[in-house]
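Trainee: I would like the atomic coordinates for the input below:
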Amino acid sequence: QVQLVESGGGLVQAGGSLRLSCAASGGTFSNYDMGWFRQAPGQEREFVASISWRSGITYYEDSAKGRFTISRDNAKNTVYLQMNSLKPEDTAFYYCACYTGLYFSRSYSLSGAYNYWGQGTQVTVSS
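Mentor: Residues are numbered from 1 along each chain as shown. Okay, the predicted model is just below:
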C-alpha cells in the first residue's frame with residue numbers, strides 16, 4: 001500500500017511561486033509513475049503534470065506548460081511540482097497521485113487510471 005503526503009501549498013500573490021512536494025512511502029517509489037492533479041471548488045479534478053519513472057518523460061496540461069515543472073528524487077521518494085508565474089485561476093486543491101499500471105503514456109492525464117492518491121494541499125493565488 002502506497003501512502004502519499006503532499007506539502008508546500010499556501011497563499012501566494014499572482015506572479016509568485018510555490019513548490020509542492022509529495023512524499024511517498026509503502027512501495028518501490030522509483031518504479032512508479034507520478035502525477036499532479038488539481039480540483040477547484042465546483043469543478044472536476046483535472047490533470048496538471050506527470051512524470052514517467054522509466055523514461056523520465058514529463059507531461060503537462062496546456063496551461064501549466066512553461067510555468068510548472070514536475071520532477072522527482074527517487075532517493076528521497078519525493079516528487080515535486082515547481083509552480084511559477086502563478087495566476088488566480090491556479091487556485092485549487094492539488095493532489096499527488098501514483099500510477100502503477102503498464103500504459104502510462106496513454107493514461108498519464110486520466111485521474112481514474114491512478115492507483116493511489118494523497119490528501120491534497122491547498123494552493124490559493126490572490127490577484
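Trainee: helices of this protein, residue ranges please.
Mentor: If DSSP state H is used as the criterion, the helices of the chain fall at 104-107.
Trainee: okay, which residue is most central for it?
Mentor: W36 (1.8 Å; Cα atoms, centre = their mean).
Trainee: mind listing what that one touches?
Mentor: With contact taken as Cβ atoms under 8 Å, 6 or more residues apart in numbering, W36 is in contact with 20, 22, 48-50, 70, 79, 81, 94-97. (Each C-beta comes from the backbone N, C-alpha and C, glycine too.)
Trainee: in strands, which of these fall?
Mentor: Among the contacts of W36, DSSP state E puts 20, 22, 48-50, 70, 79, 81, 94-97 in strands.
Trainee: reformat the residues you listed as TSV; add neighbour count.
Mentor: Shown next, in TSV, are the ones in strands among the contacts of W36 (neighbours: other Cβ atoms under 10 Å):
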residue	neighbour count
L20	25
C22	26
V48	24
A49	25
S50	24
I70	22
V79	30
L81	27
Y94	24
Y95	23
C96	28
A97	24
